[in-house]
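Colleague: coordinates only, sequence not included:
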């Protein structure tokens, strides 16, 4: 998850502490090999793409009913949250669902709280199935936010918490210390939708993947268009576990291999901005916890220069009527965003939903997910993009 001055979050560093301290950096990751053969792809020329474009027919996935659909609530166009339950008896938590991280954490009763905010906290004495461990966690984010506390095991569930398909006795973090910036955000914790980098922890997503609770082990994310007028809370989309959303996603998708499982990272090799090719060969992370497109600083400067905007600001102000086109080539297919997806605002005051970050990693946040349903395939270690129906 990535945060840029209230934009969202991308996890940058993870510490797991037992009797010894292990420091894990998101750097120099090896290429991840697929563990299951990728099905044969069908070829579909779409929107003027060439016949070499690699679109796959995923009608079978659209027709398959989801095992569970998680409803998302859009809070101020910044945060997309949904409900999970922890413990027996189950206690509800409002969580940010985050493909940019693997660990799930919630607040403890000892965590500091902003004045005037209401939060749900976890207490081991309120759950008869709670178990402590000797391990601690510490998560740091690239905007300086730090959260740390203890690791527990308990029943964590979404959907029908009495259905074993949706519930698991798994590890999660209970935060005793929450950075002031993170504490002000309107959710009770983070639900990690990454997998494959659990560092010895049994997370709910890893458990469901290994035990085939989702068949197929796929989930997809659809995020709704932004509301036409300012609102604090509105329907924000859906996460479909075990299928592709048949109501909101088209039955054709382009897939590419994931090269880093922890944050659903993949390669892209071409960028056009307003028709101009920008030198580009980069890794991109798909992150449901980020409300902007995060761009490496040097490329961000070039884009701001093309727009005549200052490059020393995040989500800069921009004319509401500005025309923008931004195109990436992924596995031979061009995926495009326009001002409809990249400019937000009301009453003549608008902002460009892009922000600079250190390093070379791009982050596809919610603007990209509002244009393309994202398909997260845990069996074949790949990610797919399907156009939305609107």
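Modeller: Yes, it's here. Because the structure is a prediction, the values reported are computed rather than measured.

Colleague: For the stretch 251-390 of the chain, which segments count as strands?
Modeller: 265-268, 271-273, 276-278, 282-286, 293-296, 317-318, 325-330, 333-338, 343-346, 349-352, 354-357, 361-364, 372-377, 382-388 (DSSP state E, counting those that start in this stretch).

Colleague: for those strands, which one sits closest to residue 83?
Modeller: Closest approach to residue 83 among the strands of the stretch 251-390 of the chain (Cβ to Cβ): strand 372-377, 20.2 Å. (Glycine included, C-beta is placed from N, CA and C.)

Colleague: re the thing from before, could you dump the strands of the stretch 251-390 of the chain into JSON lines with distance to residue 231 added?
Modeller: Below are those laid out as JSON lines (distance: least, Cβ to Cβ, whole Å):
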{"stretch": "strand 265-268", "distance to residue 231": "33"}
{"stretch": "strand 271-273", "distance to residue 231": "31"}
{"stretch": "strand 276-278", "distance to residue 231": "35"}
{"stretch": "strand 282-286", "distance to residue 231": "26"}
{"stretch": "strand 293-296", "distance to residue 231": "23"}
{"stretch": "strand 317-318", "distance to residue 231": "21"}
{"stretch": "strand 325-330", "distance to residue 231": "26"}
{"stretch": "strand 333-338", "distance to residue 231": "23"}
{"stretch": "strand 343-346", "distance to residue 231": "10"}
{"stretch": "strand 349-352", "distance to residue 231": "16"}
{"stretch": "strand 354-357", "distance to residue 231": "23"}
{"stretch": "strand 361-364", "distance to residue 231": "24"}
{"stretch": "strand 372-377", "distance to residue 231": "23"}
{"stretch": "strand 382-388", "distance to residue 231": "20"}
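
Colleague: how about those strands, which one is nearest residue 185?
Modeller: Among the strands of the stretch 251-390 of the chain, if distance is taken as Cβ to Cβ, the winner is strand 354-357, at 16.7 Å.

Colleague: hang on, the earlier thing: among the strands of the stretch 251-390 of the chain, single out whichever gets nearest to residue 220.
Modeller: Evaluated over the strands of the stretch 251-390 of the chain, closeness to residue 220 peaks at strand 372-377, with 4.7 Å, by Cβ to Cβ.

Colleague: The closest one packs against which elements?
Modeller: In terms of contacts (3 or more Cβ pairs under 8 Å, 6 or more residues apart in numbering; DSSP states H and E), strand 372-377 is packed against strand 218-223, strand 249-257, strand 382-388.

Colleague: same thing but 7 Å
Modeller: Applying 3 or more Cβ pairs under 7 Å, 6 or more residues apart in numbering; DSSP states H and E, we find strand 372-377 packed against strand 218-223, strand 382-388.

Colleague: What lies in contact with the longest helix belonging to the chain?
Modeller: When the chain is parsed with DSSP state H, its longest helix is helix 297-307. With contacts defined as Cβ atoms under 7 Å, 6 or more residues apart in numbering, helix 297-307 is touched by 273-274, 276, 278, 295, 310-311, 354, 356-358.

Colleague: If you go by neighbour count, which of these are buried?
Modeller: Burial by neighbour count, 16 or more other Cβ atoms under 10 Å: within the contacts of helix 297-307 this picks out 273, 295, 354, 356-357.

Colleague: Let me see the contact set for the residue nearest the centre of the chain.
Modeller: Centroid-nearest residue in the chain: residue 288, 2.4 Å away (criterion: Cα atoms, centre = their mean). For residue 288, the contacting residues are 80, 97-99, 193, 221, 369, by Cβ under 7 Å, 6+ apart.

Colleague: Neighbour-wise, give me the winner out of these.
Modeller: Neighbour count (other Cβ atoms under 10 Å) singles out residue 99 as the most crowded of these, with 29 neighbours.

Colleague: Residue 285 versus that residue, what's the distance?
Modeller: Separation of residue 99 from residue 285 (Cβ to Cβ, to the nearest Å): 8 Å.

Colleague: Quick check: neighbours shared by the two?
Modeller: Common neighbours of residue 99 and residue 285 (Cβ under 7 Å, 6+ apart) are residue 264.

Colleague: ok now do the closest residue to residue 326 other than its chain neighbours, which residues does it touch?
Modeller: Closest residue in space to residue 326, ignoring its immediate chain neighbours: residue 337 at 4.6 Å, by Cβ to Cβ, 6 or more residues apart in numbering. Taking Cβ under 7 Å, 6+ apart, we find residue 337 in contact with 326, 367-368, 371.
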